[in-house]
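> okay, sequence plus prediction incoming.
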Amino acid sequence: MSLRALRDSQAAASALRLNVMPVEIREGPEPDDIDRVFTTIKRERAEALNVLFGAANIHLSRAADLAIKNRVPTIGTSRISTEAGYLPSYGADFPGLYRRTAAYIDKLLKGAKPADLPVEQPTKFELVINLKTAKSLGLTIPQSLIQRADKAIQ
């Protein structure tokens, strides 16, 4: 996870009077590293888990299963995390980013100079909600939020 993402999460949590307890998953984790993280989460009585990026994405299904087993709503940053079982995800539309990357590569292969290409930021973000996970956690998602989602997984 980037330090900026952590600082941004801490600032947002502070504004909402929530506590943030960073738990690091080592790069290239083995499944037992995910188990260690959930042991910490359970011991500290965490009420939710926000997986920002990185190593936890290697074992999405294992993390999602442990989150449901431990009754910890887990949010991710991409549709794939919600499809694996996280409750919601909100993040950039990665397939769209990949298409933009392909367009940049095409320009470079045709001779464009990298310094001449503009830096782009994502312009489309997706909210995906896993209603099956919500049901497993005993949570009711407001209909207004479901209607605003880009995708609701049954």
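Received it, and whenever you're ready, just let me know what you need. Numbers count the residues shown, from 1 in each chain.
> just give the number of residues close to residue 129.
The burial metric for residue 129, expressed as a neighbour count using other Cβ atoms under 10 Å, is 22. All C-beta spots, glycine's among them, are computed from the backbone N, C-alpha and C.
> what does residue 112 give?
A count of nearby residues for residue 112, using other Cβ under 10 Å, gives 12.
> and it, how far is that from residue 101?
The span separating residue 112 from residue 101 equals 14 Å under the rule Cβ to Cβ, to the nearest Å.
> show me the shaky parts of the protein.
For the chain, residues meeting the criterion pLDDT under 70 lie at 1, 26-31, 53-58.
> try 50
Low-confidence regions of the chain, defined here as pLDDT under 50, cover residues 1.
> show me where this protein has helices.
Using DSSP state H, the helices found in the chain span residues 3-15, 31-43, 60-69, 79-84, 94-109, 131-137, 143-148.
> dump those helices to a markdown table, plus distance to residue 50 and mean neighbour count.
Formatted as a markdown table, the helices of the chain follow (distance: least, Cβ to Cβ, whole Å; neighbours: other Cβ atoms under 10 Å):
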| stretch | distance to residue 50 | mean neighbour count |
| --- | --- | --- |
| helix 3-15 | 6 | 12 |
| helix 31-43 | 11 | 15 |
| helix 60-69 | 11 | 20 |
| helix 79-84 | 11 | 21 |
| helix 94-109 | 18 | 12 |
| helix 131-137 | 15 | 16 |
| helix 143-148 | 17 | 10 |
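> quick one: closest of these to residue 25.
If you check each of the helices of the chain against residue 25 by Cβ to Cβ, helix 31-43 wins as the nearest, at 5.7 Å.
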